[in-house]
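# Return atomic coordinates for the entry below.
(one chain, ligands or ions: 2)
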Amino acid sequence: MPTLGAIADDFTGATDLATMLVARGFRTVVAVGADAVTSPTEPDAQGRWAAADAVVVALKSRTAPVPEAVAESRRALRALRAIGCRRFYFKYCSTFDSTPRGNIGPVADALLAETGERRTVVVPSFPATGRTVYRGRLFVHDDLLDESPMRHHPLTPMLDSRVDRLLRPQTRHPVTRVGLDTVRAGAARLRAALDDEAHADALTVVDAVDDEDLRTIAAATEDFGLVTGAAGLAVGLTGPHPDQARARPASRPGDPGVVLAGSASAATRAQVAHALGRLPHRRVDLSRLRADFDAAVAELTGFVCERWAHDPARPPLIYAVAAPEDVETDTPAGAEPASSLVERALAACAGALVDAGARRLLVAGGETSGAVVTALRARTLAIGAPIAPGVAWASTEVRPSGATHTVDLALKSGNFGGTDIFTQAWEQLV
Ligand SMILES: Nc1ncnc2c1ncn2[C@@H]1O[C@H](COP(=O)(O)OP(=O)(O)OP(=O)(O)O)[C@@H](O)[C@H]1O
Ligand SMILES: O=C(O)[C@@H](O)C(=O)CO
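Numbering: from 1, shown residues only. Ligands and ions are numbered 1, 2, ... in the order given. Sure thing, here's the model as predicted:
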């Protein structure tokens, strides 16, 4: 029976947190939307929840309209409570992706109200991926958040690095801070500080620079009904199944695989560049898609199938962006924007390729992952072997066009993973 329920505001974020929970000994299932918890279609659904220690509901709420994000998050919390969860974790991005309207503040407010809790902590720090919070400022490796590439994010440009200043316009609660000195004084001192009247009704941003700080925060908040943060905070949680939490791969070595990269992030571009010399590849052609979408998708999938026949051991790469100038910033008059066009194309490729035999799919980009998972009609993901901090394989049943197949799927956040992840990830599937 799961006791820990998490609500993630995007799909790659959900698998990021689930990867951490599995490493910490929680048998973890990712549910795609609240409906996958409340009305599961699989015959053994009750058994699935009974055999889980943690359930993470993956939402697409990060940049949704505020009322929609709030309603979906509330529904997810109620669904998690109905299957037994008693503690809740709101997972958002380690780069605090949000705007002055939301959605981190409004969702945190709603989840506090729903749980009956008065206060919670705000912990975006994730040192394993270079995100740290010091004196309330969020760093991405050596850069302040607003001096990192996140400054130019198309949907959530991050123009400040002070987490409290980012959050204040988003929430009805006071936003307070607790600094690293207090964290380093230990869990008891931190807890005493959090119990101070100043933080009684607050969202409290807590500094954390390394995993030990996160463990201290987790210990100090172990009886909080709701915590909020990136996946890093889970480093301080301990699940009941330290050696048996990881799901087995669904595929066998040599089964057909493919990489679908829709992300344009600097990390993904470096990964694409690395893979270009090593994997068969095709770039998504925007004008071809606009001229004849179905034919363009058929060309891409035909290429992949032809390469499988030639060399099944090398998973082909279908990618959208290799260089910054590949990103289309101005949509031609009357045309579909490149972002949704590419998402639809990669989702269509995923469905067609699973029907054609793909049993291993590595997807790069949060929005891209959401589109692919939706097209594959996956309901739940059982988290397996880790690939990189925040990225793991997951086995899942999919049915893009009726027939059900079990596949291994890895959802890679745009900024995560080493340069060689597209060629090396497959080695973890054993
Ligand atoms: N050539 C292009 N021009 C414009 N947009 C593109 C192009 N290629 C891809 N895109 C879009 O860019 C967006 C990338 O977002 P996505 O969330 O998939 O990656 P990301 O932002 O790097 O990942 P994450 O959210 O995990 O950090 C998608 O909507 C994708 O369709
Ligand atoms: O926390 C992160 O950085 C990631 O899990 C994420 O949310 C990617 O979109």
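# Report the secondary structure state of Thr396.
strand (DSSP: H, G, I helix; E, B strand; the rest coil).
# and it, what are its bridge partners?
Assessed by DSSP bridges, Thr396 has beta-bridge partners Leu381, Val407.
# doesn't Ala378 make contact with it?
Yes - in terms of Cβ atoms under 8 Å, Thr396 counts as a neighbour of Ala378; the distance is 4.5 Å. C-beta coordinates here come from the backbone N, C-alpha and C atoms, glycine included.
# what touches both of the two?
Shared contacts of Thr396 and Ala378 (Cβ atoms under 8 Å, 6 or more residues apart in numbering): Leu409.
# if I look at the residue of the chain positioned farthest from its centre, how far off is Met158?
Computed with Cα atoms, centre = their mean, the residue of the chain farthest from its C-alpha average is Glu197, at 34.3 Å. As judged by Cβ to Cβ, to the nearest Å, Glu197 and Met158 stand 32 Å apart.
# can you list the residues of this structure near ligand 2?
Residues of the chain lying close to ligand 2 (Cβ under 6 Å from any ligand atom) are Asp10, Thr12, Gly13, Asp16, Cys93, Ser94, Thr95, Ala230, Ala231, Gly366, Gly390, Ser413.
# Which helix or which strand is home to the fourth one?
Following DSSP states H and E, one finds Asp16 within helix 11-23.
# Would you mind getting the angle between the following helix or strand past that helix and helix 11-23?
The first helix or strand that comes after helix 11-23 along the chain, using DSSP H and E, is strand 28-32. Inter-element angle recorded for strand 28-32 and helix 11-23: 160 degrees (by axes from the mean of the first three to the mean of the last three Cα atoms, to 10 degrees).
# And the following helix or strand past strand 28-32, how far out from the chain middle?
Remark: after strand 28-32, the chain's next helix or strand is helix 35-38, criterion DSSP H and E. Helix 35-38 has its average C-alpha position 18 Å from the chain's average C-alpha position, going by Cα atoms, centre = their mean, to the nearest Å.
# Which strands and helices lie in contact with helix 35-38?
strand 54-58, helix 66-82 (3 or more Cβ pairs under 8 Å, 6 or more residues apart in numbering; DSSP states H and E).
# Any buried residues in that helix, and which?
Judged by neighbour count using 16 or more other Cβ atoms under 10 Å, the buried positions of helix 35-38 are Ala36, Val37.
# residue ranges of the strands in the stretch 151-300 of the chain, please?
175-178, 203-206, 226-229, 257-261, 281-283 (DSSP state E, counting those that start in this stretch).
# ok, and what's touching the first one?
Under the contact criterion Cβ under 8 Å, 6+ apart, strand 175-178 has outside partners 122, 136, 164, 167-168, 190, 193-194, 198-199, 202-207.
# Strand partners (parallel or antiparallel) of it?
Strand 175-178 is paired, per DSSP bridges, with strand 203-206 (parallel).
# what's in contact with the strand it pairs with?
105, 108, 119-123, 133, 136, 163-164, 167, 171, 173-178, 183, 190, 194, 217, 228.
# Ligand 1 versus Thr329, what's the distance?
Distance from Thr329 to ligand 1, counting by Cβ to the nearest ligand atom, to the nearest Å: 7 Å.
# near ligand 1, which residues of the stretch 301-430 of the chain show up?
Checking the stretch 301-430 of the chain against ligand 1 by Cβ under 6 Å from any ligand atom, the hits are 320-321, 326-328, 338-339, 342-343, 365-368, 413-415.
# Out of the residues you listed, which two sit at the greatest distance?
The span of these, defined through Cβ to Cβ, is set by Glu328 and Ser413 at 22.1 Å.
# of those two, who's got more company?
Each of Glu328 and Ser413 has its neighbours counted (other Cβ atoms under 10 Å); Ser413 has more, 28 against 18.
# Not counting sequence-adjacent ones, nearest residue to that one?
Leaving out its chain neighbours, the residue that sits closest to Ser413 by Cβ to Cβ, 6 or more residues apart in numbering is Thr12, at 4.0 Å.
# got it, and Ile217?
Ile217 sits nearest to Val206 (Cβ to Cβ, 6+ apart), 5.4 Å away.
# ok, the residue in the stretch 201-350 of the chain positioned nearest to ligand 2 - contacts?
For the stretch 201-350 of the chain and ligand 2, the shortest gap (Cβ to the nearest ligand atom) falls at Ala230, measuring 4.2 Å. Ala230 makes contacts with Gly13, Asp16, Lys91, Tyr92, Cys93, Ser94, Val123, Pro124, Ser125, Phe126, Arg131, as judged by Cβ under 8 Å, 6+ apart.
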